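Asker: Next input, structure requested:
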Amino acid sequence: MKKDKLSKKEKIKIEKEKEKQRKKIDKIIIISIIILIFSIWIYFSSKNITTYKNPIVNPNQVPNQRTHWHPHLTIIINNQTQIIPANIGISPGKESSTHTHTDDGKIHIESLNPKANPETFSLGYFFNEWGKSFNKTCILDKCIRNNSNDTLKMYVNGKENFEFENYIFKGDGRIKIIFTTKN
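Answerer: Residues are numbered from 1 along each chain as shown. A predicted model of the protein is given here:
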């Protein structure tokens, strides 16, 4: 009789140990999955920022001192003003030196050491942060079609500018990009 009781106690003890082991393995699996997901997120969220290099930017074109500028960008496609979203260049725990906080076209250029990353002062860098296209033939998802009269123009402080993605921000200017489809 006593042998049966010991046997039951041992069985219960063994089952409890197995349950502890299963819980430990489950925790390890969950933590591993979280680490994997976080690593993938870090890789893809930083990929755009680190891969964009504008070979045209000369470090002598950017200021020597700390900057905190607020240029304004307006994009008009076929007479429709486009929304420039809030939080471009901002992700959890990371804020690019070129970013937005609101959807009103105000771009924030903030850098403690502009010479460290001069490409961040180009309009092309901002579009890269946004994940959108911009060059002398395309803006967002619109491109000048072959054999068409489509136009893409850029103005800085009211004056036409032909630098497009290579334009270097210079303080609190006003940039307007206009794409027009002509049939």
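Asker: ok, what's across the strand from residue 106?
Answerer: residue 72 (DSSP bridges).
Asker: Does it touch residue 85 like I think?
Answerer: No - with contact defined as Cβ atoms under 8 Å, residue 106 does not reach residue 85; the gap is 11.8 Å. Where C-beta positions appear, they are placed from N, C-alpha and C, glycine not excepted.
Asker: Need the overlap of contacts for the two.
Answerer: Counting by Cβ atoms under 8 Å, 6 or more residues apart in numbering, the shared contacts of residue 106 and residue 85 are residue 100.
Asker: more crowded one of these two?
Answerer: Higher neighbour count among residue 106 and residue 85: residue 106, with 15 against 11, using other Cβ atoms under 10 Å.
Asker: what's the distance between residue 91 and residue 41?
Answerer: 9 Å (Cβ to Cβ, to the nearest Å).
Asker: Those two: which is more packed in?
Answerer: Counted by other Cβ under 10 Å, residue 91 and residue 41 do not tie: residue 91 has more neighbours, with 15 against 12.
Asker: Run a quick neighbour tally on residue 119.
Answerer: Residue 119 has 18 neighbours, counted by other Cβ under 10 Å.
Asker: Identify the residues contacting stretch 171-183?
Answerer: For stretch 171-183, the surrounding residues in contact (Cβ under 8 Å, 6+ apart) are 69-79, 123, 134, 139, 142, 145, 148-158, 167.
Asker: contacting residues around residue 102?
Answerer: residue 86.
Asker: Then it would be within a strand, right?
Answerer: No - under the criterion used here (DSSP: H, G, I helix; E, B strand; the rest coil), residue 102 is coil, not part of a strand.
Asker: what's the average pLDDT for stretch 84-97?
Answerer: Stretch 84-97 shows a mean pLDDT of 90.
Asker: same for the helix or strand bottoming out on mean pLDDT in the chain, what does it pack against?
Answerer: One helix or strand of the chain scores below all others by mean pLDDT, DSSP states H and E: helix 2-51, with a mean of 75. Contacts defined by 3 or more Cβ pairs under 8 Å, 6 or more residues apart in numbering; DSSP states H and E place helix 2-51 against helix 123-130.
Asker: How far away from the center of its chain is the helix it packs on?
Answerer: On the basis of Cα atoms, centre = their mean, to the nearest Å, helix 123-130 sits 8 Å off its chain's mean C-alpha point.
Asker: Show me the contact partners of it.
Answerer: For helix 123-130, using Cβ under 8 Å, 6+ apart, the contacting residues are 48-49, 52, 54, 73, 84-85, 88-89, 96, 98-99, 107, 119, 133-135, 163-169, 175.
Asker: Give the buried subset of those residues as a ChimeraX selection command.
Answerer: Buried members of those, defined by 16 or more other Cβ atoms under 10 Å, are picked up in ChimeraX with:
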select :49,52,54,73,84,88,89,96,98,99,107,119,133,134,164,165,166,167,168,169,175
